[in-house]
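Q: how would this look folded up:
(chains A and B)
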Amino acid sequence: DAGVIQSPRHEVTEMGQEVTLRCKPISGHDYLFWYRQTMMRGLELLIYFNNNVPIDDSGMPEDRFSAKMPNASFSTLKIQPSEPRDSAVYFCASSPLRGSTDTQYFGPGTRLTVL
Amino acid sequence: RKEVEQDPGPFNVPEGATVAFNCTYSNSASQSFFWYRQDCRKEPKLLMSVYSSGNEDGRFTAQLNRASQYISLLIRDSKLSDSATYLCVVNSGYSTLTFGKGTMLLVSP
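A: Next comes the predicted model:
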């Protein structure tokens, strides 16, 4: 299995621009998670999906952030408009059926820099 | 109070040393506990689960003290390849995990 795939791996953009991050979970995994990691705050859960349905988005910092999962093999996290404080590493993770949701498999991350 | 607290380190140890990391969590209803490892500029990966009776995986031993809400990880015979950040992770009964900020370990020759 290829593991969780994220793109792009690096993104540099200017303040005010729209940013779209992409994730392909491991085939057969029912759960998908989006995290953000910074030195100051560590790894924070933004939102997670179960069977393509958003379950908890309480970690999404504000309305500028949105996430979708149109099908079982694809999810996006969009920031519009982006701000310098959004600079971070964004990880996508997936997990199999609920009995083992505790084991999350992370993608390599997208390193976002907003100038 | 933060949900999961760890000493950020770094812990600098020579090869062959034994090193221990500790972690405390605030939610007494927490049900599952883990240690993840994160190499520099890489993604976190599951190192091991932590069971109430304590468990061992090779050179790694994890302990849980529910009464004190405390988790530990012991690494024996440290290798250079053990250099990484170790994240204490708690599942609080739903499908989500709460991560500590991690403890950095540096093993030197």
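Q: so who does residue A:88 touch?
A: By C-beta atoms under 8 Å, 6 or more residues apart in numbering or on different chains, residue A:88 lies in contact with A:36, A:37, A:38, A:112. Quick note: C-beta positions are derived from backbone N, CA and C, even for glycine.
Q: So, low pLDDT: which residues of the chain?
A: Looking at chain A here, since you left the chain open. For chain A, residues meeting the criterion pLDDT under 70 lie at A:1, A:97-102.
Q: To clarify, I was referring to chain B.
A: B:1, B:93-94.
Q: Kindly state the beta-bridge partners for residue B:84.
A: Beta-bridge pairing of residue B:84, defined through DSSP bridges, involves residue B:105.
Q: give me every residue that touches it.
A: B:37, B:38, B:39, B:40, B:104, B:105.
Q: and the residues you listed as a markdown table, adding neighbour count?
A: A markdown table is the format used below for those (neighbours: other C-beta atoms under 10 Å in any protein chain shown):
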| residue | neighbour count |
| --- | --- |
| B:37 | 19 |
| B:38 | 20 |
| B:39 | 12 |
| B:40 | 8 |
| B:104 | 19 |
| B:105 | 21 |
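Q: Start and end of stretch B:61-72, how far apart?
A: End-to-end distance for stretch B:61-72: 8 Å, by C-alpha to C-alpha, to the nearest Å.
Q: Could you list the residues in contact with that stretch?
A: Contacts of stretch B:61-72 (C-beta under 8 Å, 6+ apart): B:20-26, B:28, B:30, B:33, B:35, B:48-52, B:54-56, B:73-74, B:76, B:88, B:90.
Q: Considering only these, which also neighbour chain A?
A: residue B:49 (C-beta under 8 Å from any C-beta of the partner chain).
Q: ChimeraX command to pick out the buried ones of the contacts of stretch B:61-72?
A: In ChimeraX, this line selects whichever of the contacts of stretch B:61-72 come out buried by 16 or more other C-beta atoms under 10 Å in any protein chain shown:
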select /B:21,23,24,25,30,33,35,48,49,50,73,88,90
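Q: In strands, which of the contacts of stretch B:61-72 appear?
A: B:20-25, B:33, B:35, B:48-50, B:55-56, B:73-74, B:88, B:90 (DSSP state E).
Q: now stretch A:78-88, how far from the centre of its chain.
A: 13 Å (C-alpha atoms, centre = their mean, to the nearest Å).
Q: Excluding chain neighbours, what is closest to the spatially most central residue of chain A?
A: Centroid-nearest residue in chain A, with C-alpha atoms, centre = their mean: residue A:34, separated by 3.0 Å. Distances taken as C-beta to C-beta, 6 or more residues apart in numbering or on different chains place residue A:46 nearest to residue A:34, at 4.4 Å, with adjacent residues excluded.
Q: so what's the one you found up against?
A: A:34, A:35, A:36, A:57, A:59, A:60, A:61, A:65, A:67, A:77.
Q: Can you tell me which of these are classed as buried?
A: Buried members of those, counted by 16+ other C-beta under 10 Å: A:34, A:35, A:36, A:59, A:60, A:65, A:67, A:77.
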